[in-house]
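Asker: I'll drop the sequence and a predicted model, then ask my questions.
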Amino acid sequence: MSSEQTDLLQVVIGGREVLIRSSEIREVVRPLPLTRVPMGPDHILGLANIHGQIVSVIDVVKVSSLSAISSDGSSSKARFLVLRHPVMHVAVWVDEVKRLRKVETRLLKPTKSSSDTVHDIDIDGSRFALLDTGKLFH
């Protein structure tokens, strides 16, 4: 009997291994120049023109319970993850995109409160932070 699986993109944010459901990501792009937003909130790194669309690029560490271990925002491995949302145009800055993982859906049950944007999960003996991008917009 086969169990249902979910595709997760494994990325590094602030030195931490993070998983994001691939269904929540519209595309992955190389970082583009950012236009700062004067007097904007700290979590907005700036605005980027992605395929002619103005996209807010956010720092997930500042709007979630994800704590940074380290950060190398200047890395050549950094990427923007443009998120799927019916109204907003938002991208998340990640330090590195590692790989796509197929994970049994039953393993994605959070160990913390379901109201949180980040849940710790164990997969194959390793602990990951699972980011729920939908909760970033609330």
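Answerer: Received it, and whenever you're ready, just let me know what you need. Computed from a prediction, not measured in an experiment: that's the story for all the values here.
Asker: Please make it C-alpha for all contacts and neighbour counts, starting now.
Answerer: Will do.
Asker: Phi, psi for I50 please.
Answerer: I50 adopts backbone torsions of phi -110, psi 110, taken as degrees, to the nearest 10.
Asker: That one: how many residues sit nearby?
Answerer: By other Cα atoms under 10 Å, 17 other residues sit near I50.
Asker: Kindly report the same for P86.
Answerer: Counted with other Cα under 10 Å, residues neighbouring P86 total 6.
Asker: can you check the one 10 residues further on too?
Answerer: Using other Cα under 10 Å, E96 is surrounded by 21 other residues.
Asker: ok, it - contacts?
Answerer: V11, V12, I13, K77, A78, R79 (Cα atoms under 8 Å, 6 or more residues apart in numbering).
Asker: now swap in L130 and tell me
Answerer: V18, L19, I20, L108, V118, H119, D120, I121.
Asker: Isn't the third one up against L9?
Answerer: Yes: with the criterion set as Cα atoms under 8 Å, I20 and L9 qualify as a contacting pair; they are 5.2 Å apart.
Asker: on that earlier part again, columns distance to H43 and secondary structure on top of the contacts of E96, output as a markdown table?
Answerer: Putting the contacts of E96 into a markdown table (distance: Cα to Cα, whole Å; DSSP: H, G, I helix; E, B strand; the rest coil) gives the following:
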| residue | distance to H43 | secondary structure |
| --- | --- | --- |
| V11 | 19 | strand |
| V12 | 17 | strand |
| I13 | 14 | strand |
| K77 | 21 | coil |
| A78 | 17 | coil |
| R79 | 17 | strand |
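Asker: All the strands of the chain, in order from the start?
Answerer: 5-13, 16-21, 25-29, 44-50, 53-58, 79-83, 90-94, 96-104, 118-123, 126-131 (DSSP state E).
Asker: Make JSON lines out of the ones you listed and add mean pLDDT and distance to T35.
Answerer: Output for these, formatted as JSON lines (pLDDT from 0 to 100; distance: least, Cα to Cα, whole Å):
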{"stretch": "strand 5-13", "mean pLDDT": "93", "distance to T35": "21"}
{"stretch": "strand 16-21", "mean pLDDT": "91", "distance to T35": "26"}
{"stretch": "strand 25-29", "mean pLDDT": "97", "distance to T35": "17"}
{"stretch": "strand 44-50", "mean pLDDT": "95", "distance to T35": "5"}
{"stretch": "strand 53-58", "mean pLDDT": "95", "distance to T35": "10"}
{"stretch": "strand 79-83", "mean pLDDT": "96", "distance to T35": "14"}
{"stretch": "strand 90-94", "mean pLDDT": "94", "distance to T35": "14"}
{"stretch": "strand 96-104", "mean pLDDT": "92", "distance to T35": "22"}
{"stretch": "strand 118-123", "mean pLDDT": "79", "distance to T35": "28"}
{"stretch": "strand 126-131", "mean pLDDT": "86", "distance to T35": "26"}
